[in-house]
Structure formats: structure tokens, C-alpha cells
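Colleague: What shape does this take:
(one chain, ligands or ions: 1)
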Amino acid sequence: MPSPAVVLSTGPSGRICNPAAWAALTAGELPIDAVQAGLMAAESDPECIDIGYGGRPDNEGWLSLDAAIMDGARHRAGSVAGLKGCKNPIAVARKVLETTPHVLLVGEGARKFATAHGFPDEGPLLTDTARAAYQKFLAGEARPTFTGHSHDTVGCCAVDAHGDLAVGCSTSGLDFKLPGRVGDSPIIGSGLYVDNAVGAATCMGMGEQMMQVCLAYRIVASMERGLSPQEACEEAVRALLRRRAGVSGIHCTVVALAKDGTSGGASSYPEDVYYRSSSADDGTVCVRALQVKVGDVA
Ligand code: ASP
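Modeller: This is a model prediction of the structure:
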């Protein structure tokens, strides 16, 4: 059954990712290529402070990036975590998918793999804004925190007119994190998941909390059981809040896209938005993610 082509992206930098992914998809590129193109556009933009080149460093002043990509049509994934010296970790994750039998490469191994595939080591890679933020951290005026938007991820899902799906995620993670800290974003099933027979989902927020409930997989599994993407997103945020009831201020925003082009989004925060492009939308629209409140968990 033909479906309308749709692209969804989370996070403030979804405003850069989504139009670029949509342009690629409408130019006839595969969903996985569209997702990669969108994420690379955001990763390369120094104004995007949550992903790629514009991201915030770890507590040693290095950009250390996480990214993953998954192709629904082949049910294959590639991922990198703690990658240094590279603006476009999603392109390296794609190389892992395309050229190895592996799914996830980390740290020094990811760096060596990147170098071997033509991504030279570009050093700490801090923009002037990121360097200024790091100086504040060193002066004790900023600290790692999941409140507000001192973290964030761009997660991107796409479906084409054939109903083929793909999903990707890219992040600099928690600002000023411990070196070696990895969140949910490069973990298949936590930060992203796709089942080409069902749909795709991706997440943004407190990785430490979300990765303990395999949130993206849960959303797709709920859709497989018959929930709409919107219902599945709300159920997942409710489930997270219920299981992490002792933890205050959980930030979690999720989006989902079904094979038929229907979509949804939910958040534990009142103000979070995501971006959607489809032939039914007039360009890219900014959509409020429905807030799931702590009182909704009973
Ligand atoms: N999920 C990301 C991480 O934990 C950060 C975020 O989306 O806010 O690394």
C-alpha cells in the first residue's frame, strides 16, 4: 500500500535536520540517505549546539560524539560512540553499517575506523561558542545537567512512498560529561529503532533514564501491537515516568512514524516540539509534543 512520504526530527536542531532530510527524500533518495543528509546538515552547522561541530565538549574539553543509523528495509544498524575529532559521526556510523559486520564501534576503535575510512582526526573541534561555554564550566559557572536544553539530540525518522523506513540519531550528549559517558542515542532500541513492517521511533532527553527502559524499541513494539504512533509515544513516556518515579525532572521527548505515514510525539516537558515535513504539510511544520504529566502515570 503506498504511503505518504514523511520526515520527523526531534530537538531544537531538528529545524535544520528536517528540511535537509525532506529535500533529499523528495529528490528520490532512499530513506536512510535522507536521514543521513538531514543529520549531517545539523552536525555541520556551528549554530546547532547539541550535535556535531557545534556541540558541547566533555569535561576535558573534547567534543566526543555519538550517532547511530538504522535501515528498515535491510534491518541493519551502524553506530559510533565517543568519537573524537570528527564533525559528522553519522557518516561514520553509516560506514559501520555498510562496511562491517558490526553494529557499534566506540572511542579509540571508532577513531581508528574513521581515519581508515577517510575522516581525518580534526582534534578537539570546539567552536568559539563551545570554547566559551567550556571556560564557564572550568570556572565553575556551568555544570553537567539534564535540565533545560544543556544536552539534546537530533533524532530523525523517514518513510518514503513505498513504506520503507529509516531512523538516525546524533548528539554531543550531556554537556561537560565524564569522558567515556555514553547515553541512549547510539544504542539501538534505546535512542532509536525501526521495524520496516511497523514503524520507527527516536528519543531525546536524559539518556541515563531512557536507556534503562529501551524506549525506542518499546514504542515500535507498541505500534506492532496496534497502538497509533501518538498513543505509543504517550504510553512510552508514561512507562518511563512510572519506572523512574524516584527521579525528579526527567526530560524525555519521543517521536514515532508508522509505515502508513501517520506520526506522533510526546514529552515529559510542557514546551518540547518536533519537526515534521510531509506532502500534506506546507513545508516543515513545528509540532508541539503532547505533554505526559507525572499525574498521568497511575
Ligand atoms: N539523549 C542524549 C544523551 O543522553 C541527550 C539528549 O537527548 O538530551 O546523550
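Colleague: For residue 184, which residues are in contact?
Modeller: 190, 191, 203, 207, 210, 211, 215, 216 (Cβ atoms under 8 Å, 6 or more residues apart in numbering). All C-beta spots, glycine's among them, are computed from the backbone N, C-alpha and C.
Colleague: How far off centre is stretch 10-28?
Modeller: 13 Å (Cα atoms, centre = their mean, to the nearest Å).
Colleague: Next step: the contacts of residue 184 restricted to strands.
Modeller: residue 203 (DSSP state E).
Colleague: show me which of the contacts of residue 184 neighbour the ligand.
Modeller: By Cβ under 6 Å from any ligand atom, the members of the contacts of residue 184 lying near the ligand are residue 207.
Colleague: which one of the contacts of residue 184 is nearest the ligand?
Modeller: Nearest to the ligand out of the contacts of residue 184 is residue 207 (Cβ to the nearest ligand atom; 2.2 Å).
Colleague: So for the closest one, what's the nearest residue that isn't a sequence neighbour?
Modeller: Distances taken as Cβ to Cβ, 6 or more residues apart in numbering put residue 183 closest to residue 207, at 2.3 Å, once the chain neighbours are dropped.
Colleague: now the one you found: how far from the ligand?
Modeller: 2 Å (Cβ to the nearest ligand atom, to the nearest Å).
Colleague: Any idea how many residues pack against that residue?
Modeller: When counting by other Cβ atoms under 10 Å, one arrives at 26 neighbours for residue 183.
Colleague: Please apply the same query to residue 60.
Modeller: 12.
Colleague: Is it located within a helix, as I assumed?
Modeller: No - using DSSP: H, G, I helix; E, B strand; the rest coil, the assignment for residue 60 is coil, not a helix.
Colleague: Look up the closest residue to it, ignoring the ones flanking it.
Modeller: Using Cβ to Cβ, 6+ apart, the closest residue to residue 60 is residue 179 (5.4 Å).
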